[in-house]
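> Need coordinates for the following:
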Amino acid sequence: MKLFLSIIFTVLFFTHAYGETVGITPQTQGDVTFVSGGIGEDEHKALRAIQNQYNLHLTFAVKGSGEYVSGAKVKIEDAKGHVFLDTTTNGPTLLVQLKPGHYKVSADRDGHVIAEEVAAPTKHGTAVVFHFPVEKGD
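From the prediction side, this is the model:
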């Protein structure tokens, strides 16, 4: 019985510690909740598991190869220029929970800025992929 309890304790301890290393932690800026990441299979799975909690799903990749990139500077603002989110991604995925409405999303990677007009719906999510040009070293 002692051995059995020891095994159970070890499995639970390492499972908990493993979950914390995935590093997917929601953040807030004003009224906006967001999470960024997706580097590695574990983070990718963790983000997919929670994506239904967010109404805007952004992905960042290289044009042509589709290789995922991180470190994009993202700004989300309304038509009046009010900034709702200003962040740098920790991976190729950024999930955002916004009030339903229309927004301008701009993403900057090494001086290449891409802007998209997006609608954040009440339910489900809008998915947008930003394709950046190939950089030296990509």
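
> Which stretches in this protein count as strands?
Per DSSP state E, the chain carries strands over the ranges 27-29, 32-37, 56-62, 73-77, 83-88, 93-97, 101-109, 112-120, 126-132.

> Within the sheet, what are the partner strands of the shortest one, with directions?
Pointing back at strand 27-29 there. Neighbouring strands of strand 27-29 in its sheet, by DSSP bridges, are strand 32-37 (antiparallel).

> which outside residues touch the partner strand?
23-28, 43, 46-47, 50, 54, 76, 84-85, 87, 89-91, 93-98 (Cβ atoms under 8 Å, 6 or more residues apart in numbering). Heads up, the C-betas are built off the backbone N, CA and C, glycines and all.

> burial of Val69, as a residue count?
Val69 has 20 neighbours, counted by other Cβ atoms under 10 Å.

> re earlier: possible to save the strands of the chain as CSV with mean neighbour count and mean pLDDT?
As requested, the strands of the chain are exported to CSV (neighbours: other Cβ atoms under 10 Å; pLDDT from 0 to 100):
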stretch, mean neighbour count, mean pLDDT
strand 27-29, 12, 97
strand 32-37, 22, 97
strand 56-62, 20, 97
strand 73-77, 19, 98
strand 83-88, 16, 98
strand 93-97, 24, 98
strand 101-109, 18, 97
strand 112-120, 15, 96
strand 126-132, 17, 96
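
> Centre-most residue in the protein?
For the chain, the residue nearest the mean C-alpha position is Leu94 (2.1 Å; Cα atoms, centre = their mean).

> Pull the residues that contact stretch 70-80.
32, 38-39, 56, 58, 60, 83-92, 94, 96, 98, 101-109, 130, 132.
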